[in-house]
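Asks: model the structure of this input:
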Amino acid sequence: MGQWWKLINVDKKVERRSRDDLESLLRIPRLRKVRTPAWPIAGLPDSSIGTFIVLPPELVGAITMLLDHQSIICLALTSTYFYRLLISSFRQAIIALTPAWVGDRIVHIGDYAETSPPTCPEFVCQPYTWTPQLSEAEQAQGEAAANPLYHLITERQSDGAQAYGSSVKPLDNILRNLHLKQYVRLEALPESADIEDVGHLIEAYITWTDAHQRVHDRVGCKGPWAGCGLDIVDAADFEEREGWRDVTVEALDLETDKSG
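Replies: I've put the predicted structure just below:
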């Protein structure tokens with residue numbers, strides 16, 4: 001008999017049918033660069049800016065309603081005047097541009113799991129043995145107690161997550177594990193012989209079960225990232241910090257140069 005799976009955001013208690021939207025749910029868009037003036041904005045020689053800031057706040061607000069989220073953020077960061085004026089729109093733009101699942105614990109849990117990932121200690125599995133004497137309600141209760149993470153009551157989200165516009169190719173990104181402080185350079189993804197795409201990589205590494213049906217051959221039943229918080233950032237915005245480890249080679253099973 002086959003194994004059934006659920007892709008769950010543990011913290012938000014939501015579930016998705018497939019891995020197809022994982023990249024959109026985790027990828028932080030690359031924001032435009034912001035330049036702030038070296039002198040007070042009221043003293044700027046540019047007459048067009050000077051004309052703009054003396055307009056009534058209501059009119060400025062009406063104009064800025066036509067801007068997209070990134071433009072709102074850039075304008076708000078140019079000066080304290082625009083920040084105060086656009087604070088509400090700025091907040092809404094930040095929320096809109098924040099990927100829905102960034103930093104949340106996510107797991108690809110199988111119905112044959114007999115334990116929960118160490119990252120989800122609140123889900124304690126209770127041993128359960130099926131017997132024909134049990135009623136359907138008792139059986140359901142026992143199965144839920146044996147694998148509480150799989151049976152977590154979640155809201156099922158429809159596929160087709162909003163993908164934020166970006167001129168950056170997906171392979172120019174970095175996949176980060178925020179819990180373990182590990183990262184994978186996705187530019188090396190085409191070199192992998194057993195990982196198809198970003199969603200496949202994430203799904204394999206967040207898998208958790210106790211049966212080998214329909215699991216990644218190399219990663220196995222207990223994915224090392226199960227229940228961890230992840231995000232995807234543009235390589236140009238990525239800064240290597242102390243304590244972080246590059247796991248690209250092992251995650252993608254790449255051959256290292258042994259000549260040296």
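
Asks: helix/strand/coil for residue 60?
Replies: Three-state secondary structure (criterion: DSSP: H, G, I helix; E, B strand; the rest coil) places residue 60 in helix.

Asks: which stretches of the stretch 151-260 of the chain form strands?
Replies: Here the stretch 151-260 of the chain has its strands, by DSSP state E, counting those that start in this stretch, at 155-156, 173-177, 182-185, 207-208, 228-234, 245-246.

Asks: got phi/psi on residue 247?
Replies: Note on residue 247: backbone dihedrals following degrees, to the nearest 10 are phi -110, psi 20.

Asks: do you know how far the closest residue to residue 201 other than its chain neighbours is from residue 205?
Replies: In this structure, residue 201 finds its nearest non-sequential neighbour in residue 195, 4.9 Å apart by CB to CB, 6 or more residues apart in numbering. Every C-beta, even on glycine, is put in place using the N, C-alpha and C of the backbone. Counting by CB to CB, to the nearest Å, the gap from residue 195 to residue 205 is 10 Å.

Asks: what sits in contact with each of the two?
Replies: Residues touching both residue 195 and residue 205 (CB atoms under 8 Å, 6 or more residues apart in numbering): residue 251.

Asks: can you list the domains in the chain?
Replies: 5-28+103-252, 41-97 (automatic domain parsing).

Asks: which of the ones you listed comes out lowest on mean pLDDT?
Replies: Here the domains of the chain differ in mean pLDDT, and the lowest is domain 41-97 at a mean of 77.

Asks: ok, now which ones touch the nearest residue to residue 227 once chain neighbours are set aside?
Replies: Computed as CB to CB, 6+ apart, the closest residue to residue 227 that is not its neighbour in sequence is residue 119, at 3.2 Å. Applying CB under 8 Å, 6+ apart, one finds that residue 119 lies in contact with 105, 179, 226-228.

Asks: with residue 70 instead?
Replies: 29, 31-32, 93, 97.

Asks: which secondary structure elements does whichever helix or strand residue 137 is part of sit against?
Replies: Element membership of residue 137, judged by DSSP states H and E, is helix 136-146. Counting contacts by 3 or more CB pairs under 8 Å, 6 or more residues apart in numbering; DSSP states H and E, helix 136-146 packs against no other helix or strand.

Asks: now the residue of the chain most remote from its centre, what's its secondary structure?
Replies: In the chain, the greatest distance from the average C-alpha position (CA atoms, centre = their mean) is reached by residue 133, at 44.3 Å. Classification of residue 133 by three-state DSSP places it in coil.

Asks: excluding its backbone neighbours, what's nearest residue 198?
Replies: Nearest to residue 198 is residue 23, by CB to CB, 6+ apart, at 4.7 Å.

Asks: measure the closest residue to residue 244 other than its chain neighbours to residue 245 for me?
Replies: Spatially, and ignoring its direct neighbours in sequence, residue 244 is nearest to residue 181 (4.7 Å; CB to CB, 6+ apart). Counting by CB to CB, the gap from residue 181 to residue 245 is 7 Å.

Asks: helices of the stretch 101-250 of the chain, residue ranges please.
Replies: 136-146, 198-205, 248-252 (DSSP state H, counting those that start in this stretch).

Asks: which of the residues in the last one are buried?
Replies: For helix 248-252, burial by neighbour count (16 or more other CB atoms under 10 Å) applies to 248, 251-252.

Asks: the stretch 1-150 of the chain: strands as residue ranges?
Replies: Using DSSP E, counting those that start in this stretch, strands in the stretch 1-150 of the chain cover 5-9, 14-16, 105-110.

Asks: how distant is the shortest one from the center of its chain?
Replies: Spelled out, it's strand 14-16. Relative to the chain's own centre, strand 14-16 is displaced by 13 Å; criterion: CA atoms, centre = their mean, to the nearest Å.

Asks: that strand pairs with which strands, and in what direction?
Replies: As defined by DSSP bridges, the strand partners of strand 14-16 come to strand 5-9 (antiparallel), strand 155-156 (parallel).
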